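Visitor: Need a 3D model of the following:
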Amino acid sequence: MPANLSASNWDFPTLNQMPDEEDLVVVGADLKPETLIDSYSHGIFPMHFDTKINNKKQKVLGWWSPDPRGILPIDSIRISHSLKKSMKKFKVTFDKDFISVMNACGDDKRPKGWINSEIKKAYLDLHELGFAHSVEVWNQNDELVGGLYGVEVNGLFAGESMFHTQTDASKTAMVYLVEKLSQGGTERLFDVQWQTPHLKSMGVKEISRKQYFEKLEKALKLKPIFN
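Guide: Residues are numbered from 1 along each chain as shown. Model (predicted):
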């Protein structure tokens with residue numbers, strides 16, 4: 001079970017305090033475990049972004065609450081015939097190699113990469129405390145070819161990133177994760193932050209920030225699935 005954490009030192013904005021039509025809602029703070037878990041409970045997640053300070057380009061820690069927000073309804077995942085066939089080639093595990101999944105998701109060769117060393121350390125700490133989890137997808141030679149990681153806070157699973165080096169490996173990770181989460185009922189909230197064409201093909205839909213907070217309130221009353 002997740003560890004007990006001390007209270008956060010920061011006050012994250014509530015829904016009514018967030019700027020309209022802006023995904024970035026606050027800047028600063030830190031990446032301590034208690035800060036991160038508090039942020040997810042407020043519908044917010046961290047990601048560094050580039051900005052200019054005194055005419056110098058710098059990375060700044062931002063906190064985001066997209067509007068609209070991408071979610072995958074637990075009972076609405078789409079599994080194509082070809083994906084079903086591909087899934088038979090893989091073996092899937094949970095929390096077997098969290099750091100390798102994070103390293104693959106944060107590979108410098110990936111376009112628009114945002115997973116830096118600070119993020120890796122923060123989420124590894126969360127993993128060791130029982131909040132962050134990974135799904136690993138292995139080929140027949142026991143090579144890691146896909147996976148994803150995210151954070152679970154009660155009935156919320158916030159997907160952070162995924163990767164694949166073999167076709168359908170990341171989609172397979174999503175299918176197995178949804179299957180696991182569904183054991184706790186369909187009111188569980190699977191947050192994917194932003195909808196992409198890849199995620200849309202799996203059944204991800206966009207909802208308003210207000211709708212997201214309504215679902216989050218219900219999800220936070222549920223017990224976590226991972227233990």
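
Visitor: what domains does the record give for this protein?
Guide: 15-64, 69-219 (automatic domain parsing).

Visitor: First residue to last residue on the shortest one, what's the distance there?
Guide: Length of domain 15-64, first residue to last, C-alpha to C-alpha, to the nearest Å: 12 Å.

Visitor: neighbours around Leu5, how many?
Guide: Residues within reach of Leu5, counting by other C-beta atoms under 10 Å, total 16. In this view, the C-beta of every residue, glycine as well, is placed from N, C-alpha and C.

Visitor: For Lys59, the count of nearby residues, please.
Guide: By the other C-beta under 10 Å criterion, the neighbourhood of Lys59 contains 12 residues.

Visitor: how far away is the most centrally placed residue in the chain from Arg69?
Guide: The residue lying closest to the centre of the chain (C-alpha atoms, centre = their mean) is Gly159, at 1.8 Å. Per C-beta to C-beta, to the nearest Å, Gly159 is found 12 Å from Arg69.

Visitor: Give the intersection of the neighbour lists for these two.
Guide: Counting by C-beta atoms under 8 Å, 6 or more residues apart in numbering, the common neighbours of Gly159 and Arg69 are 191, 193.

Visitor: got any ranges where the chain has weak pLDDT?
Guide: Counting by pLDDT under 70, the chain shows low-confidence ranges at 110-113.

Visitor: Quick one: the helices in it, in order.
Guide: In the chain, the helices defined using DSSP state H lie at 33-41, 81-87, 98-105, 117-128, 169-181, 197-200, 209-219.

Visitor: Quick one, which of the ones you listed gets closest to Gln17.
Guide: Set against Gln17 and scored by C-beta to C-beta, the helices of the chain come closest in helix 209-219, at 11.8 Å.

Visitor: The closest one to helix 33-41, inter-axis angle?
Guide: Angle between the axes of helix 209-219 and helix 33-41 is 120 degrees (criterion: axes from the mean of the first three to the mean of the last three C-alpha atoms, to 10 degrees).

Visitor: If we go by neighbour counts, what in helix 209-219 is buried?
Guide: Neighbour-count burial for helix 209-219 flags 209, 212-213, 215-216, 219 (criterion: 16 or more other C-beta atoms under 10 Å).

Visitor: Show residues contacting stretch 191-205.
Guide: Here stretch 191-205 makes contact (C-beta under 8 Å, 6+ apart) with 45, 64, 66, 68-73, 76-78, 156-160, 171, 174, 206, 212.

Visitor: what residues are up against the closest residue in space to Val178 that isn't next to it in sequence?
Guide: Spatially, and ignoring its direct neighbours in sequence, Val178 is nearest to Ile77 (4.9 Å; C-beta to C-beta, 6 or more residues apart in numbering). Neighbouring residues of Ile77 by C-beta under 8 Å, 6+ apart: 174-175, 178, 202-203.

Visitor: same thing but at 10 Å, please
Guide: Contacts here follow C-beta atoms under 10 Å, 6 or more residues apart in numbering; on that basis Ile77 touches 171, 174-175, 177-179, 182, 190, 202-204.

Visitor: Name the nearest of the residues you listed relative to Lys120.
Guide: Nearest to Lys120 out of the contacts of Ile77 is Leu177 (C-beta to C-beta; 20.5 Å).
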